[in-house]
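Asker: test case, fold it:
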Amino acid sequence: MTILSILLNNIPLMQIQHYANQSSRFISAYSQGISGSMAAWENQNWRYHGLPPWMSKKAKAAYAQNLR
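Answerer: Residues are numbered from 1 along each chain as shown. Sure thing, here's the model as predicted:
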């Protein structure tokens with residue numbers, strides 16, 4: 001085993017998932033033209049309350065389009 005694989009195996013899965021989810025929210029915000037500080041504010045305020053309204057509307061529209 002390499003040192004990298006040993007180190008990665010010591011990171012809890014929940015921590016990796018948390019980082020991935022947070023990164024996903026920032027990437028989504030940036031792709032919609034939201035600034036870094038605004039994305040951080042959105043991420044902080046909505047992380048325990050489900051999707052932010054702008055993301056929820058986009059998800060509902062995509063879901064409705066897939067039903068057609």
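Asker: end to end, how far does stretch 29-36 reach?
Answerer: One end of stretch 29-36 sits 8 Å from the other (C-alpha to C-alpha, to the nearest Å).
Asker: so how far is it off the chain centroid?
Answerer: Centre-to-centre, stretch 29-36 and its host chain are 12 Å apart (C-alpha atoms, centre = their mean, to the nearest Å).
Asker: pull out the buried residues from that stretch.
Answerer: 29, 34 (16 or more other C-beta atoms under 10 Å). Yep, even glycine has a C-beta here, placed from its N, CA and C like the rest.
Asker: and if you look at stretch 14-30?
Answerer: If you call a residue buried by 16+ other C-beta under 10 Å, then stretch 14-30 has these buried ones: 25, 26, 28, 29.
Asker: out of those residues, which is nearest to residue 42?
Answerer: residue 29 (6.0 Å; C-beta to C-beta).
Asker: once you drop chain neighbours, what's closest to that closest one?
Answerer: Once flanking residues are discounted, residue 29 sits nearest to residue 39: 3.7 Å by C-beta to C-beta, 6 or more residues apart in numbering.
Asker: wait, the one you found sits on residue 32?
Answerer: No - the criterion here is C-beta atoms under 8 Å, and residue 39 misses it with residue 32 at 9.1 Å.
Asker: give me the common contacts of those two.
Answerer: Counting by C-beta atoms under 8 Å, 6 or more residues apart in numbering, no residue touches both residue 39 and residue 32.
Asker: helices of the chain, residue ranges please.
Answerer: Ranges of helices in the chain, per DSSP state H, are 3-9, 13-31, 36-46, 53-67.
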